[in-house]
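Asker: take this sequence and fold it.
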Amino acid sequence: MKNHHPLEPWNPRILDPFLKVASLYIHIPFCVKKCAYCDFFSVPYDESSALAYTDALCKELYLKSDSAAELKTVYIGGGTPSLLPDACFRQLFTCLGNNFQISHAAEITVEANPGTLNQSKTNLLLSLGVNRMSLGVQSFNDEELRVLGRIYNADDALRSLGILRNLGLRNYSFDLMYGIPGQSTNSWHETIAKAVDCSPTHISAYELTLEEGTPLHTLITLQTDEQGNYRVDKGQPCHSGMSGIFPQKNGFFSRQGTVGNHPNGNDTEKTTEDLSSNKYILNDLPLKLLHEDLILEMYNHTIDYLQTCGYEQYEISNFARLGFQCLHNMNYWYRGSYIGAGAGAHSFVNGTRSNNIRNIAGYMESLNSGLIPETGLSKSSPEEALKEFLFLGLRKTNGINIYKAEHLGMDIIRAGKDLLEEGFLEIWGDSLRLTRKGIVLSNSVIVRLFENLNL
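Answerer: Predicted coordinates:
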């Protein structure tokens with residue numbers, strides 16, 4: 001059977017069991033300090049652990065290399081990948097070169113924290129073949145960065161940008177965050193404007209989601225006034241993200257609704273320092289939650305402003321200049337296969353999802369014994385596959401191909417009739433997609449579509 005292009009939607013009814021994958025995610029779990037809102041798997045950085053971890057990571061990559069075709073995308077995320085020593089990066093890329101065939105046009109991304117990036121490290125990454133960087137800026141407001149528990153300030157972010165530009169890198173992305181406790185519309189408008197002034201090719205704008213068990217969630221739930229203004233209701237959905245439709249801890253969807261970039265689940269190596277290191281937030285910064293109308297205003301402004309500045313919204317939370325959509329993430333949203341390597345990483349190969357051990361010691365012990373450190377393996381049921389097809393398709397602004405849906409046995413036009421009439425969905429060429437009205441209420445729209453299809 002002819003292999004499908006890795007960026008095309010996967011069809012569960014014509015699955016080629018020998019299909020190899022062309023996307024690779026590598027998780028680097030080390031951080032200087034865990035951010036107050038973060039529920040990704042991460043551990044405190046130390047050099048000896050990083051060196052030992054890289055040895056184990058290369059063993060896993062060797063063991064999994066037979067599953068890969070020519071790689072079209074490589075994404076190194078975390079954690080804070082930019083913390084890795086130079087020797088680790090050299091070892092990692094040597095391993096990739098020895099064990100994988102990488103397309104000459106591959107998109108190779110490394111995430112970086114502005115507080116850990118310097119010219120020497122950036123120059124090394126570019127020399128190794130990295131051609132895209134993703135900077136976790138989050139905000140250009142120092143008070144908001146303190147609330148989030150970030151280790152840098154706005155000037156550090158601008159200095160990191162200067163390093164990228166001086167070394168000739170033009171393909172870089174910013175992660176930004178709105179809905180931060182205490183944030184104002186003016187502050188968010190200023191952050192978006194400053195980001196655009198920096199001319200990134202790509203901007204991801206996420207609503208802050210307060211995940212249970214994170215320091216920020218704990219700190220806010222400990223604070224309630226007589227009106228309960230600071231209380232976080234469990235299961236509160238984010239407006240522009242997709243939490244609530246699928247379990248957040250199932251090893252597929254991450255905190256902000258992005259698929260596959262990051263491993264999910266509870267951090268098995270959290271320490272009490274995660275809370276104590278963020279106690280300063282209680283002393284002099286407001287932690288009042290924003291009203292949902294204010295959050296929606298921020299999101300609507302984001303869409304309008306970025307569009308006027310030449311950024312196309314191609315996914316609910318992602319915007320790019322023409323030709324600079326993140327190919328690695330596009331593969332996730334088209335339900336393509338991918339290999340995940342590293343502690344806590346997830347893979348999706350031949351319709352089967354698997355996840356690695358979320359524990360550094362256990363991860364390395366398995367690999368030192370010659371075993372792939374997987375703890376879970378699950379084949380998508382037909383119903384789950386259809387749900388994923390719909391969920392992921394409607395995240396993209398170009399929507400779901402009507403004929404592909406019919407081929408899968410779904411009459412999505414009839415199922416979405418009421419949503420079409422109410423203006424939440426629209427037919428656009430051969431596709432069914434969310435309208436602007438539907439995008440801001442995407443959770444409830446997709447749930448209703450599931451119900452209409454008896455899924």
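Asker: ok, and for stretch 53-73, which residues are buried?
Answerer: Residues 53-54, 56-61, 63-65, 68-69, 71-73 are the ones in stretch 53-73 that count as buried (16 or more other CB atoms under 10 Å). Heads up, the C-betas are built off the backbone N, CA and C, glycines and all.
Asker: same check, this time on stretch 312-322
Answerer: Buried residues in stretch 312-322, counting neighbours by 16+ other CB under 10 Å, are found at 313-321.
Asker: name the nearest of those relative to A157.
Answerer: Nearest to A157, judged by CB to CB, of the buried residues of stretch 312-322 is F319 at 18.1 Å.
Asker: pLDDT weak spots in this protein?
Answerer: Where the chain drops to pLDDT under 70, the residues are 1-20, 33-42, 210-287.
Asker: domain parsing for this structure?
Answerer: Annotated domains of the chain cover 21-379, 382-452 [automatic domain parsing].
Asker: follow-up on the earlier one: narrow the buried residues of stretch 312-322 to those in strands?
Answerer: 313-315, 318-320 (DSSP state E).
Asker: quick one, strands of the stretch 251-400 of the chain?
Answerer: Secondary structure of the stretch 251-400 of the chain (DSSP state E, counting those that start in this stretch): strands at 312-315, 318-320, 339-341, 346-349, 352-356, 374-379, 400-401.
Asker: deepest of those, which one?
Answerer: strand 339-341 (a mean of 26; mean count of other CB atoms under 10 Å).
Asker: by contact count, what packs against it?
Answerer: The contact analysis (3 or more CB pairs under 8 Å, 6 or more residues apart in numbering; DSSP states H and E) places strand 339-341 against strand 21-28, helix 47-64, strand 346-349, strand 352-356.
Asker: can you redo those as a markdown table with distance to S120?
Answerer: Listed next are the helices and strands packed on strand 339-341 as a markdown table, based on distance: least, CB to CB, whole Å:
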| stretch | distance to S120 |
| --- | --- |
| strand 21-28 | 18 |
| helix 47-64 | 16 |
| strand 346-349 | 32 |
| strand 352-356 | 31 |
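Asker: related to what we said a few turns ago, farthest pair within the buried residues of stretch 312-322?
Answerer: Farthest-apart pair in the buried residues of stretch 312-322 is I316 and R321; separation 18.0 Å (CB to CB).
Asker: go through the buried residues of stretch 312-322 and name the one nearest R165.
Answerer: R321 (15.7 Å).
Asker: tell me which residues touch that closest one, please.
Answerer: Neighbour list for R321: 201-202, 310-312 [criterion: CB atoms under 8 Å, 6 or more residues apart in numbering].
Asker: M177 now?
Answerer: Counting by CB under 8 Å, 6+ apart, M177 makes contact with 138-139, 148, 205-208.
Asker: equivalent analysis for Y152, please.
Answerer: 113-115, 145.
Asker: measure Q119 to I203 for me?
Answerer: Using CB to CB, to the nearest Å, Q119 is found at 24 Å from I203.
Asker: neighbour count winner among those two?
Answerer: I203 (24 against 14; other CB atoms under 10 Å).
Asker: the closest residue in space to that one that isn't next to it in sequence pairs with what?
Answerer: Counting by CB to CB, 6 or more residues apart in numbering, F319 is the residue found nearest to I203 once chain neighbours are left out, at 4.8 Å. For F319, the beta-bridge partners under DSSP bridges are I203, Q313.
Asker: do I have it right that F319 meets C309?
Answerer: No - if you go by CB atoms under 8 Å, F319 and C309 don't touch, sitting 9.1 Å apart.
Asker: check which residues of the helix or strand harbouring E426 are buried.
Answerer: Secondary structure assigned from DSSP states H and E places E426 in strand 425-428. By 16+ other CB under 10 Å, the buried positions in strand 425-428 come out as 425-426.
Asker: could you say what helices and strands that strand packs with?
Answerer: Using 3+ CB pairs under 8 Å, 6+ apart: strand 425-428 touches helix 417-421, strand 431-434.
Asker: list just the nearest of the buried residues of stretch 312-322 to Y305.
Answerer: If you rank these by distance to Y305 using CB to CB, F319 comes first, at 9.8 Å.
Asker: tell me how far stretch 295-313 is from the chain's mean position?
Answerer: 19 Å (CA atoms, centre = their mean, to the nearest Å).
Asker: mind listing what's buried in it?
Answerer: Neighbour-count burial for stretch 295-313 flags 295-296, 298-299, 302-303, 305-306, 309, 311, 313 (criterion: 16+ other CB under 10 Å).
Asker: phi first, then psi, for the closest residue to E144 other than its chain neighbours.
Answerer: Leaving out its chain neighbours, the residue that sits closest to E144 by CB to CB, 6+ apart is I180, at 4.9 Å. Dihedral angles of I180 (phi, psi; degrees, to the nearest 10) stand at phi -70, psi 130.
Asker: any idea how far K194 is from I180?
Answerer: From I180 over to K194 the distance is 15 Å, taken as CB to CB.
Asker: those two: who's more crowded?
Answerer: The residue with more neighbours, out of I180 and K194, is I180; 26 against 18, by other CB under 10 Å.
Asker: need the contact list for that one.
Answerer: Each residue near I180 by CB under 8 Å, 6+ apart is listed here: 139, 144, 147-148, 208, 290.
Asker: could you do A56 as well?
Answerer: By CB under 8 Å, 6+ apart, the neighbours of A56 are 363-364, 367-368.
Asker: which among those gets closest to T375?
Answerer: Y363 (9.9 Å).
Asker: how about the closest residue to that closest one other than its chain neighbours, phi and psi?
Answerer: The shortest distance from Y363 to any non-neighbouring residue, by CB to CB, 6+ apart, is to A343 (4.0 Å). Phi and psi for A343, reported as degrees, to the nearest 10, are phi -60, psi 130.
Asker: does A343 really touch Y53, like I thought?
Answerer: Yes - taking CB under 8 Å as the definition, A343 is a contact partner of Y53 at 7.5 Å.
Asker: any shared contact partners between these two?
Answerer: Looking at what touches both A343 and Y53 (by CB under 8 Å, 6+ apart), the common residues are 29, 360, 363.
Asker: distance of T185 from V137?
Answerer: Relative to V137, and taking CB to CB, T185 is found at 19 Å.
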